[in-house]
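Novice: Next come a sequence and a model predicted from it.
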Amino acid sequence: RLLIIDFGSQVTQLIARRLRELNVYCEIHPYQNVTMDFVREMAPKAVILSGGPDSVTRDGSPRAPQEIFDYGVPILGICYGQQTMMTQLGGKVVSGHGTSEFGRAYVTPEAKLDLLDGWFEHGVEQVWMSHGDHVSEIAPGFQVYGTSPNAPFAITADPSRHFYAVQFHPEVHHTPKGAKLYENFVKLAGFKGDWTMDAYREEAIRVIREQVGDKKVICGLSGGVDSSVAAVLIHEAIGDQLTCVFVDHGLLRKGEAEEVVTMFRDHYNMQLIHADEQELFLGELDGQSDPETKRKIIGRLFIDVFQKHADQIEGAEFLAQGTLYPDVIESVSFSGGPSVTIKSHHNVGGLPEKMGLKLVEPLRELFKDEVRALGRELGLPDHFIGRHPFPGPGLAIRCPGEITREKLDILREADAVYIDQIRKHGLYDEIWQAFVAILPVRTVGVMGDGRTYDYACALRAVTSVDGMTADYYPFSHDFLGETATRIINEVKGINRVTYDVTSKPPGTIEWE
Ligand code: XMP
């Protein structure tokens, strides 16, 4: 395994992505937690020091444990990581005027280096820089291997100790040969690249069996990719010791509840409780139009219902959750201040303590695309694995204002036509998320010889990497026109279709 010490860069997770793509298992840990005892216990074969926002010239700024440089494994320092490495090994870093470099830069080679195999075939390499400080004097034993106009020590190394230090960020795609640099690094550190999903599946099953023994496990199944993959994996490990609870709040898309029940109960033969609680949810949501109130009602009821059904499973000691690696990584926060709640998220975080259950989280080490790969490995159908994200509060937040059964039914039909259009045009996988929102306005239209007075809806489709920022998807006018015609003709209750062209920020992806 490989240890990434995080100094708080925005792109530290990308380092882990690049390494996982090379089938190398790595873990990110915040610098505050990395003591030498921790390192010895983890026994990494190599270490990467990430970038970070601080300045090593500031007293008390973060450092790697000093002894890590005597631990005898290859170390790669990136940006801030490079600077702390230089400082800790006896070099110098300066900050101030004229030392910054942000954006694209070109590095020219100074000498040959194993880390740079496959680099400089065309003389220079484009890299991405983002630094205020720079190294002014390299540490004893180091040599310069690449320079850029503002970073005379863009690439330095002490190959005898396998210490490498780069000023730029090889993990971002603006450094086109960055992946090659990581490949060279893990190769020289002796990694074989044998961390595959197949191996992960075997290992995860062994760990689940060991953790659970002959006890029972409950799993909340939402129909989303994460909980589905977790459930199938755990089922493979312990069979009928697992019971899934599927809370049907009546806010799902067309055909979704049936699909979940058929797939998990009939196809996978899992014990599944289908908690059909539509009446309860829709009853409590009746007359509510404030977005936060709606979210809170759904969150509260969800927990109540789940608990009610879970309590009936005698002797359950574990709760399974589809927690992913990005939820686990403790972030290094320098801002400290409280951030504003934009939307209260639907989650069941407090549930295990409340119910006195221990957690089983077999996806804790995986990124989203790795979960998808594991799902495929476990035989989940492609269309299911590749589904767009769907929020916990479901259609409630795509129905601004008051929710009624009538509006939900219209919304489900319109959404089904829209998604069908997207699939038929082969656009589904290019889009990160697409859905219809039904608007709380009726407008006048004309159909045949008659006047209509029906709901308007908005189509939403965005591209995104992680849902934090998003752009609206640039459909062709033909596609939009055809889709509008189909929705108005096929869905009773809608006579006007609009397309939402707001990016995030300033908009959010969902309407509430
Ligand atoms: P927003 O609307 O905040 O959404 O731009 C970003 C992403 O998060 C999803 N989303 C949720 N997911 N529980 C979830 O599990 C929620 O309460 C929730 N609210 C929004 C949204 O669909 C988008 O993918």
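Specialist: Nice, I can see it. Numbers count the residues shown, from 1 in each chain.
Novice: mind checking how far the helix or strand where Ile422 lies is from the chain centre?
Specialist: Following DSSP states H and E, one finds Ile422 within helix 405-424. Centroid separation for helix 405-424 versus its chain: 27 Å, with CA atoms, centre = their mean, to the nearest Å.
Novice: list the buried ones in that helix?
Specialist: 407-408, 410-419, 421-422 (16 or more other CB atoms under 10 Å). (Glycine included, C-beta is placed from N, CA and C.)
Novice: Could you look up the SS state of the nearest residue to His249 once chain neighbours are set aside?
Specialist: Nearest residue to His249, sequence neighbours excluded (CB to CB, 6 or more residues apart in numbering): Phe281, at 4.2 Å. Secondary structure assignment for Phe281 (DSSP: H, G, I helix; E, B strand; the rest coil): helix.
Novice: what about Phe281, how many neighbours?
Specialist: Using other CB atoms under 10 Å, the number of residues around Phe281 comes to 23.
Novice: Quickly note the distance from it to Val305.
Specialist: 8 Å (CB to CB, to the nearest Å).
Novice: what domains does the record give for the protein?
Specialist: 2-188, 197-385, 404-499 (automatic domain parsing).
Novice: Out of these, which is the most enclosed?
Specialist: Most buried of the domains of the chain, by mean neighbour count (mean count of other CB atoms under 10 Å): domain 2-188, with a mean of 19.
Novice: So what would you say the end-to-end distance of that one is?
Specialist: 13 Å (CA to CA, to the nearest Å).
Novice: At the contact with the ligand, which residues of the stretch 301-450 of the chain appear?
Specialist: Within the stretch 301-450 of the chain, the positions near the ligand by CB under 6 Å from any ligand atom are 343, 345-346, 389, 391-393, 433.
Novice: a markdown table please, covering those residues and showing pLDDT and secondary structure.
Specialist: Formatted as a markdown table, those follow (pLDDT from 0 to 100; DSSP: H, G, I helix; E, B strand; the rest coil):
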| residue | pLDDT | secondary structure |
| --- | --- | --- |
| Lys343 | 71 | coil |
| His345 | 70 | coil |
| His346 | 66 | coil |
| Pro389 | 93 | coil |
| Pro391 | 93 | coil |
| Gly392 | 92 | coil |
| Pro393 | 95 | coil |
| Gln433 | 97 | strand |
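Novice: Nearest to Leu380 among the residues you listed?
Specialist: Pro389 (16.1 Å; CB to CB).
Novice: in terms of contact, does that closest one touch Gly224 like I think?
Specialist: Yes. Using CB atoms under 8 Å, Pro389 is in contact with Gly224, at 7.5 Å.
Novice: which regions of this protein lie under the pLDDT threshold?
Specialist: Residues of the chain meeting the criterion pLDDT under 70: 97-99, 329-341, 346-350.
Novice: The ligand contacts on that one?
Specialist: So the chain meets the ligand at 343, 345-346, 389, 391-393, 433, 467, 504, 508-510 (CB under 6 Å from any ligand atom).
Novice: any chance of those in JSON lines, plus distance to Ser476?
Specialist: JSON lines is the format used below for the residues of the chain next to the ligand (distance: CB to CB, whole Å):
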{"residue": "Lys343", "distance to Ser476": "32"}
{"residue": "His345", "distance to Ser476": "34"}
{"residue": "His346", "distance to Ser476": "34"}
{"residue": "Pro389", "distance to Ser476": "24"}
{"residue": "Pro391", "distance to Ser476": "28"}
{"residue": "Gly392", "distance to Ser476": "33"}
{"residue": "Pro393", "distance to Ser476": "32"}
{"residue": "Gln433", "distance to Ser476": "19"}
{"residue": "Gly467", "distance to Ser476": "25"}
{"residue": "Lys504", "distance to Ser476": "22"}
{"residue": "Thr508", "distance to Ser476": "25"}
{"residue": "Ile509", "distance to Ser476": "22"}
{"residue": "Glu510", "distance to Ser476": "25"}
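Novice: for Cys457, which residues make a bridge with it?
Specialist: Judged by DSSP bridges, the bridge partners of Cys457 are Ile438, Val497.
Novice: residues touching it, list them.
Specialist: 411, 414, 436-439, 487, 494, 496-498 (CB atoms under 8 Å, 6 or more residues apart in numbering).
Novice: gap between it and the ligand?
Specialist: As for Cys457, its distance to the ligand is 17 Å (criterion: CB to the nearest ligand atom, to the nearest Å).
Novice: got it, and Gln271?
Specialist: Counting by CB to the nearest ligand atom, the gap from Gln271 to the ligand is 25 Å.
Novice: tell me the contacts of that residue?
Specialist: 240, 242-244.
Novice: How about Ser55?
Specialist: Neighbours of Ser55 in contact, by CB under 8 Å, 6+ apart: 61, 95, 132-133.
Novice: returning to what we had before: got CSV for the domains of the chain, with distance to Arg398 too?
Specialist: CSV is the format used below for the domains of the chain (distance: least, CB to CB, whole Å):
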stretch, distance to Arg398
domain 2-188, 29
domain 197-385, 9
domain 404-499, 4
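Novice: what about these, which gets the closest to Ile397?
Specialist: That would be domain 197-385 among the domains of the chain, by CB to CB, at 6.9 Å.
Novice: Could you tell me the end-to-end distance of the closest one?
Specialist: 15 Å.
Novice: Pretty sure Val360 sits against Val217.
Specialist: Yes. Val360 is within contact range of Val217, at 5.8 Å (criterion: CB under 8 Å).
Novice: Mutual contacts of the two, please.
Specialist: 234, 318-320.
Novice: about what we covered before: which members of the contacts of Gln271 are the farthest-apart pair?
Specialist: Among the contacts of Gln271, Asp240 and Cys244 lie farthest apart (CB to CB), at 11.2 Å.
Novice: Nearest to the ligand among the contacts of Ser55?
Specialist: For the contacts of Ser55, the residue nearest the ligand by CB to the nearest ligand atom is Gly132; the value is 31.2 Å.
Novice: Quick check: the gap between that closest one and Ser100.
Specialist: 5 Å.
Novice: hang on, the earlier thing: which one of the contacts of Gln271 sits closest to the ligand?
Specialist: For the contacts of Gln271, the nearest to the ligand is Cys244 (17.7 Å; CB to the nearest ligand atom).
Novice: Show me the beta-bridge partners of the closest one.
Specialist: Beta-bridge partners, per DSSP bridges, of Cys244: Cys219, Leu272.
Novice: Now for it: which residues touch it?
Specialist: Cys244 touches 218-221, 231, 264, 270-273, counting by CB under 8 Å, 6+ apart.
Novice: Export the contacts of Cys457 to a markdown table and append columns for distance to Arg1.
Specialist: Shown next, in a markdown table, are the contacts of Cys457 (distance: CB to CB, whole Å):
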| residue | distance to Arg1 |
| --- | --- |
| Leu411 | 47 |
| Ala414 | 48 |
| Val436 | 45 |
| Ala437 | 45 |
| Ile438 | 49 |
| Leu439 | 51 |
| Ile487 | 51 |
| Ile494 | 54 |
| Arg496 | 56 |
| Val497 | 52 |
| Thr498 | 51 |
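Novice: Just give me the closest of these to the ligand.
Specialist: So of these, ranked by how close each gets to the ligand (CB to the nearest ligand atom), first place is Ala437, at 11.0 Å.
Novice: Quick one: residues contacting whichever residue of the stretch 101-250 of the chain sits closest to the ligand.
Specialist: The nearest approach of the stretch 101-250 of the chain to the ligand comes at Gly224, 7.6 Å away (CB to the nearest ligand atom). The contact partners of Gly224, by CB under 8 Å, 6+ apart, come to 322, 387, 389-390.
Novice: Quick one, which of those residues are buried?
Specialist: 322, 387, 390.
Novice: wait, Asp6 sits on Ser50?
Specialist: Yes. Using CB under 8 Å, Asp6 is in contact with Ser50, at 5.0 Å.
Novice: joint contacts of the two?
Specialist: 12, 28.
Novice: separation between the nearest residue to Leu459 once chain neighbours are set aside and Ala257?
Specialist: Residue nearest to Leu459 in three dimensions, not counting chain neighbours: Tyr499, with 5.1 Å by CB to CB, 6+ apart. Distance, Tyr499 to Ala257, using CB to CB: 29 Å.
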